[in-house]
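[1] Sharing a model that was predicted from the sequence below.
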Protein chains: 4
Amino acid sequence: MSNDLDATRARIKNSFNKQTIMTTIGASIVSVEPGEVVIRLPFREGISQQDGFVHAGVITTIIDSACGYAAMTLMPDEARVLTIEFKSNFASPAVGDYFLAKGTVKKSGNTIMITTGEVYAYTANFEDNDDQQKEGKLVSLMQASMMVIHPK
Amino acid sequence: MSNDLDATRARIKNSFNKQTIMTTIGASIVSVEPGEVVIRLPFREGISQQDGFVHAGVITTIIDSACGYAAMTLMPDEARVLTIEFKSNFASPAVGDYFLAKGTVKKSGNTIMITTGEVYAYTANFEDNDDQQKEGKLVSLMQASMMVIHPK
Amino acid sequence: MSNDLDATRARIKNSFNKQTIMTTIGASIVSVEPGEVVIRLPFREGISQQDGFVHAGVITTIIDSACGYAAMTLMPDEARVLTIEFKSNFASPAVGDYFLAKGTVKKSGNTIMITTGEVYAYTANFEDNDDQQKEGKLVSLMQASMMVIHPK
Amino acid sequence: MSNDLDATRARIKNSFNKQTIMTTIGASIVSVEPGEVVIRLPFREGISQQDGFVHAGVITTIIDSACGYAAMTLMPDEARVLTIEFKSNFASPAVGDYFLAKGTVKKSGNTIMITTGEVYAYTANFEDNDDQQKEGKLVSLMQASMMVIHPK
């Protein structure tokens, strides 16, 4: 099915490139696998809240898209995806050199897909023995419902 | 208590101005009242998802801040606010000329404040008899917990 | 449309009577209006958590049903309702002589209805000047998505 | 630390036994490990919604308690636990002979613990080659915040 997966990846990258907010905040797709998508966000000026951390809404923006595209990998080619709702818990302030958001499909349905997402923060230059930094630090957890919009 | 409220407004505007994401997306504070804050976001390039609607994460960014600052109006002066978690439902695509996000405190506590938020979309040039547009169209509903960080 | 509303009330009461959990915990329907349903739960033995308060899951049971039936009032007669997801914040421990859960439809859709719910606690024998008790005390807030199941 | 874990298990079982709703619905603790607790609920009369499935609120009752006790395993001995909020997605109707709810701590904090929970449905007498039933069927996913109540 690698052709299908290649086509899915192309559709998702095409869709992602139309998301102008991703260019604005500097996010990019790292990987697209069936039921799992990873998005990367480097720290930069212009995306922070009042204490200099990345704003919870920006963190939510990348997890939401990671979850939505994870859902899209399991949809028919012509379907579109729309976020019904999401819930995010924040485990620690979004401090780091870059952030990885992973979206995963937990339940695939014909109308609704249930997804979960995680964002971890990473420091670029960590000591080799700093396992905490190697593994990343949990920033946020999401649980979201995605709607499958079938063409009429 | 108008002096206190003036001081609170000054603190909140000062904090808002430090949120670099607000400049990036073009959001501004409309009003700060005890337990209620309104933020305005005009539509612009660079904040959309793949279909040209404002990204759900951007909508969430302004409600989250409206809820956080609504909570801050009821906190001691020296306290800071941090988002514990939020949940957003999306009622319709974020299409419009501008958006108003209102955050309201539902339960004020010493450690945690429960808030709700709403975002409505508006069209700038509506017919005078178009009540739907005058009232705005519901885009998103939020329910969020804010933490009161007391200085040590 | 009173005939229609009467028919809707009859369908909802019939459905409620099939919910065996409602008999088990002692809940009953107070009112059914278009887009709004109220359910009442008296305090009793057998529904508490470890501190003697009503268990958060029991409180959630009555709000979930109030929200679901509020959604049902706006559905076609032959449709069924299923909870997609809900989110509850708990404002204060569920202590009181009885509890009222009100579910309200915020956005009515063909496939999904967005609802909100509130539970207040009341004391049966309050002092006449005790406005707090007259008004009830906020116990829990819910935001929920209900699915409209159309017959095939 | 087996003594400590034994003491923790004893405290949790003691607390669980005070939850009168657990007797009412017929739930019991399966296991208590550091950061993870499993609760079992057999199907029985008196816990259903209108279609005969276990009510979403009952499913939520057991996940909430599994998450709360999972948090308690990582708290100081004298602390108590209170649910701040939870969010549940429902993946499939709660049909089965019994249900297992697993609560897991994702982020342990001094004031707030972030937990996730899952409920799976099982059929008692499945065919040996029915992997679906052996593994259980996902009924519900929860994401919850638990408050650590330190003694004064």
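    Received the coordinates, thanks. Residues are numbered from 1 along each chain as shown, chains lettered A, B, ... in the order given.
[2] how long is stretch A:76-94 end to end?
    Counting by Cα to Cα, to the nearest Å, you get 35 Å between the two ends of stretch A:76-94.
[3] now stretch A:93-103
    End-to-end span of stretch A:93-103 (Cα to Cα): 20 Å.
[4] One more: stretch A:88-105?
    Using Cα to Cα, the end-to-end distance of stretch A:88-105 comes out at 16 Å.
[5] That stretch close to chain C?
    No: judged by Cβ under 8 Å from any Cβ of the partner chain, stretch A:88-105 stays clear of chain C, getting no closer than 11.0 Å. In short, each C-beta sits where N, CA and C put it, glycine included.
[6] mean confidence score for that stretch?
    Throughout stretch A:88-105, pLDDT has a mean value of 97.
[7] ok, it near chain D or not?
    Yes: Stretch A:88-105 lies within reach of chain D by Cβ under 8 Å from any Cβ, at A:89, A:91-92.
[8] ditto for stretch A:145-152
    Yes: judged by Cβ under 8 Å from any Cβ, stretch A:145-152 comes into contact with chain D at A:Ser145.
[9] Measure how far that stretch is from the centre of its chain, please.
    Relative to its chain's centre, stretch A:145-152 lies at 19 Å (Cα atoms, centre = their mean, to the nearest Å).
[10] Can you name the residues that contact the residue most central in space within chain A?
    Chain A has A:Ala66 as the residue nearest its centroid, 2.5 Å off, counting by Cα atoms, centre = their mean. Taking Cβ atoms under 8 Å, 6 or more residues apart in numbering or on different chains, we find A:Ala66 in contact with A:37-39, A:101-103, A:117.
[11] Looking at these, which is nearest chain D?
    Within the contacts of A:Ala66, the smallest distance to chain D is 10.5 Å, found for A:Gly117 (Cβ to the nearest Cβ).
[12] Just say helix, strand or coil for the residue nearest to the centre of chain A.
    At A:Ala66 the chain is in helix, as set by DSSP: H, G, I helix; E, B strand; the rest coil.
[13] Now it: closest residue in space that isn't a chain neighbour?
    Among residues not flanking A:Ala66 along the chain, A:Gly103 sits closest, at 3.2 Å (Cβ to Cβ, 6 or more residues apart in numbering or on different chains).
[14] hang on, isn't that neighbour packed against A:Ala70?
    Yes: using Cβ atoms under 8 Å, A:Gly103 is in contact with A:Ala70, at 3.9 Å.
[15] intersection of neighbour lists for the two?
    Shared contacts of A:Gly103 and A:Ala70, counting by Cβ under 8 Å, 6+ apart, come down to A:36-37, A:115.
[16] need the residues of chain A near chain D, please.
    Residues of chain A found near chain D (Cβ under 8 Å from any Cβ) are A:87, A:89, A:91-92, A:106-107, A:114, A:116, A:138, A:141, A:143, A:145.
[17] In the residues you listed, find the pair that's most separated.
    Farthest pair in the residues of chain A next to chain D (Cβ to Cβ) is A:Ser92 and A:Lys107. Separation: 27.9 Å.
[18] Which one's more surrounded, those two?
    Ranked by neighbour count (other Cβ atoms under 10 Å in any protein chain shown), A:Ser92 and A:Lys107 place A:Lys107 first, with 19 against 14.
[19] hmm, the top strand by length along chain A touching chain B?
    Across chain A, the strand with the greatest residue count (assigned by DSSP state E) is strand A:137-149. No: Strand A:137-149 does not reach chain B (Cβ under 8 Å from any Cβ); its nearest approach is 8.9 Å.
[20] That strand: partners in the sheet, and parallel or antiparallel?
    strand A:80-90 (antiparallel), strand A:112-122 (antiparallel) (DSSP bridges).
[21] List the contacts of the closest residue in space to A:Leu74 that isn't next to it in sequence.
    Closest residue to A:Leu74 apart from its sequence neighbours, by Cβ to Cβ, 6+ apart: A:Ser108 at 4.7 Å. By Cβ under 8 Å, 6+ apart, the residues touching A:Ser108 are A:35, A:71, A:74.
[22] List only buried entries from those residues.
    A:71, A:74 (16 or more other Cβ atoms under 10 Å in any protein chain shown).
[23] What is the nearest of the contacts of A:Ser108 to chain D?
    For these, the closest approach to chain D (Cβ to the nearest Cβ) belongs to A:Ala71, at 13.0 Å.
[24] In a markdown table: the residues of chain A next to chain D, plus distance to B:Thr20.
    Output for the residues of chain A next to chain D, formatted as a markdown table (distance: Cβ to Cβ, whole Å):
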| residue | distance to B:Thr20 |
| --- | --- |
| A:Lys87 | 26 |
| A:Asn89 | 24 |
| A:Ala91 | 23 |
| A:Ser92 | 20 |
| A:Lys106 | 34 |
| A:Lys107 | 37 |
| A:Ile114 | 34 |
| A:Thr116 | 29 |
| A:Leu138 | 24 |
| A:Leu141 | 25 |
| A:Gln143 | 28 |
| A:Ser145 | 31 |
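[25] Only the buried members of those residues: can you turn that into a PyMOL selection?
    Remark: buried members of those, expressed as a PyMOL selection using 16+ other Cβ under 10 Å:
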select buried, chain A and resi 87+89+91+106+107+114+116+138+141+143+145
